[in-house]
Structures are given as structure tokens and as C-alpha cells.
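K.L.:
what's the 3D shape of this:
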Amino acid sequence: MTDGDAGSGNADWGLDLGPDGLERYARHIVLEDVGPTGQAALLDASVLVVGAGGLGSPAIQYLAAAGIGRLGIVDDDVVERSNLQRQVIHGEADLGRPKVESAADAVAALNPDVTVEPHEARLAASAADGDGQDVRAAADLITDYDVVLDASDNFPTRFLVNDACVLAETPFVHGAVYRFEGQLTTVAAGGEPCYRCLFPEAPPEGTVPDCATAGVLGVLPGTIGTMQATEAIKLLLDVGDPLTDGVLYYDALEPGTERVDLRPRPDCALCGDEPTIETVDDVTYEGGCGVDAA
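P.N.:
Here you go, the predicted structure:
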């Protein structure tokens with residue numbers, strides 16, 4: 001969709017959003033770069049959110065409120081009381097429940113237009129990687145969605161999302177938080193640059209702080225997760241400038257942001273001149289815990 005398509009004037013008002021839809025999405029419809037055509041595109045779109053924790057919580061809520069027609073949520077964790085300081089899609093009554101179920105109920109209460117596809121499983125390179133746990137093969141799952149949000153809490157999953165999305169030519173939005181700082185970048189379909197251009201490989205295990213002990217300011221994932229949802233909606237509407245050639249760093253203590261250019265690496269193993277990763281089976285996904293998103 002182009003900017004002109006989204007706001008092409010009165011002809012678009014013939015789209016049948018129904019009286020409830022016209023009322024629900026009224027503030028979108030009056031936007032020149034969205035309009036009824038853009039809103040119809042959002043209702044026809046699909047987004048996969050990897051992780052229903054700190055980043056996933058606000059992203060899921062705002063994507064649902066915006067009317068993304070189909071939301072996939074993949075997470076194998078259950079709600080714990082220590083999550084509630086930042087994972088605002090869950091509540092006290094959800095303790096012990098699978099996060100995907102809690103998140104699905106929250107979306108249903110927020111917007112009945114949205115179909116939620118809960119995947120109570122761990123994202124893995126292969127269905128054979130389960131070791132007795134429920135897993136979803138990343139390559140199979142990702143190809144079923146228009147855009148992916150990486151709201152995971154560990155480096156192996158981030159690299160897996162990156163590799164599977166770039167190989168499938170599916171755009172994705174990466175976010176991460178740590179203590180008082182967050183980062184955001186968007187990887188276009190096919191990469192160039194991709195997450196491996198930023199981090200060629202995961203840090204060795206044990207060289208980064210443990211996710212549970214490093215801590216994170218509770219409101220920080222709300223800031224970064226909402227930015228992730230914004231980037232996803234921009235991609236779906238084809239409006240604005242997605243953050244595909246830079247990394248945005250946010251410091252809650254200053255506060256402020258800094259944008260750093262991200263350029264393709266000719267030696268990138270995935271999207272470089274002579275890539276060595278042709279499938280996710282070519283990689284062993286392991287490494288340090290990293291920053292805390294969940």
C-alpha cells in the first residue's frame with residue numbers, strides 16, 4: 001500500500017467497515033496516511049509476536065487495538081508474580097496460566113475484530129529440538145505471517161528469529177531492554193542489514209548478566225514494545241520511514257534517544273556477499289542470556 005492509496009479521499013469511504021468499525025477506528029480513518037483503505041489493510045494483516053512478556057505485552061495490546069486482524073503469539077512460559085511489574089497484559093488472576101492464554105483473553109476483551117493464534121511452545125530451529133517440550137519450527141511458523149515482532153529475552157531466540165525471517169524474506173522488528181536502557185531496529189525483508197550485521201554472533205554463555213538478576217525498570221518495556229508495534233504498523237501500511245538502516249537506543253534516565261547507523265556487513269554470514277547460512281539448520285542457537293525482554 002502507498003501513502004496515496006491509504007488516504008485517497010471520499011472514494012475510500014465506500015469500504016464496508018460497518019458502523020462498529022467506523023466508530024472503533026475513527027481516529028485512524030481521519031488520518032490521511034491511513035484512512036478506511038489503510039484500516040482495511042490492517043484488519044487483513046497478520047503479525048507474529050515472539051514472546052508475551054515485557055515487550056510483547058504492550059506490543060500485543062496496541063496491535064490488537066489498532067485492528068491487526070490476525071495476531072500470533074508464541075511463548076512457552078506461565079505467568080509469575082515477578083512478571084507483573086512490567087508484563088501489563090497479565091494480572092494477578094492469571095498467575096500460573098500460560099502467557100499465551102492470558103494474552104489471548106486480554107485481546108478478546110479489547111477488540112473482537114482480532115483473531116488470536118496462541119502457540120504455547122518454544123520457538124526452535126526444528127520440531128526435533130523439543131527435548132520433550134512443545135516447540136514450533138521457526139521457518140514453518142514465520143512464513144504464515146506478514147510481520148514478526150521479536151520480543152524474546154535471549155540471544156539464541158533473537159538470532160533464530162533473525163535468520164528465519166531473513167531467509168523467508170519476512171520483515172521483523174527487534175526490541176530489547178536492560179536495566180534503564182532499550183534498543184530497537186527493524187530488519188527489512190531479506191535483511192541487508194540484518195541483526196547479524198549488528199551482532200555477528202551471540203556472546204559466550206556466562207559473559208552477560210543473568211536476566212533475572214540484572215533488573216529492568218518496569219515501564220521501560222512499555223516504551224520499547226510500543227515502538228515495536230509502531231514500526232510493525234508502518235510496515236503494514238507502507239508509510240513513513242521504518243528503522244531499517246539504524247538502531248535506536250533509548251535511555252530512560254536521561255531521557256533521550258540516539259540513532260546509530262546500521263550498515264550491511266559484507267562478511268555477514270546471513271546477508272553478506274558470501275553467506276554461509278542457507279537454512280536455520282546450519283546454526284547452533286546457543287549463547288548468553290542477554291538483556292531482559294520478558
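
K.L.:
before we move on, which element is Tyr178 in?
P.N.:
Counting by DSSP states H and E, the element that carries Tyr178 is strand 172-178.

K.L.:
Output the contacting helices and strands for that strand.
P.N.:
strand 147-150, helix 155-168, strand 181-187, helix 220-237 (3 or more CB pairs under 8 Å, 6 or more residues apart in numbering; DSSP states H and E). For the C-beta atoms, the positions are set from N, CA and C on the backbone; glycine is no exception.

K.L.:
Could I get the CA-only coordinates of that strand as CSV?
P.N.:
Written as CSV, here are the backbone C-alpha positions of strand 172-178 (Å, rounded to 0.1, in the frame of the first residue of the first chain):
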residue,chain,number,x,y,z
PHE,A,172,10.7,-8.2,11.6
VAL,A,173,11.1,-5.7,14.4
HIS,A,174,13.7,-6.3,17.1
GLY,A,175,13.5,-4.8,20.6
ALA,A,176,15.4,-5.4,23.8
VAL,A,177,15.7,-3.8,27.2
TYR,A,178,18.3,-3.8,30.0
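
K.L.:
Looking at the helices and strands packed on strand 172-178, which is nearest to Val79?
P.N.:
helix 220-237 (15.2 Å; CB to CB).

K.L.:
do you know how far the closest residue to Asp33 other than its chain neighbours is from Gln133?
P.N.:
Spatial nearest neighbour of Asp33, excluding adjacent residues (CB to CB, 6 or more residues apart in numbering): Val239 at 4.5 Å. Plainly put, Val239 is 40 Å away from Gln133 if you go by CB to CB, to the nearest Å.

K.L.:
more crowded one of those two?
P.N.:
Remark: of Val239 and Gln133, Val239 carries more neighbours, 19 against 10, as counted by other CB atoms under 10 Å.

K.L.:
how about that one, secondary structure?
P.N.:
Under DSSP: H, G, I helix; E, B strand; the rest coil, the three-state class of Val239 is coil.

K.L.:
Would you double-check that Tyr249 falls in a strand?
P.N.:
Yes: counting by three-state DSSP, one finds Tyr249 located in a strand.

K.L.:
nearest spatial neighbour of it, skipping sequence neighbours?
P.N.:
Closest residue to Tyr249 apart from its sequence neighbours, by CB to CB, 6+ apart: Glu258 at 4.8 Å.

K.L.:
The one you found: how many residues sit nearby?
P.N.:
12.

K.L.:
ok, it touching Gly246?
P.N.:
No: with contact defined as CB atoms under 8 Å, Glu258 does not reach Gly246; the gap is 9.9 Å.
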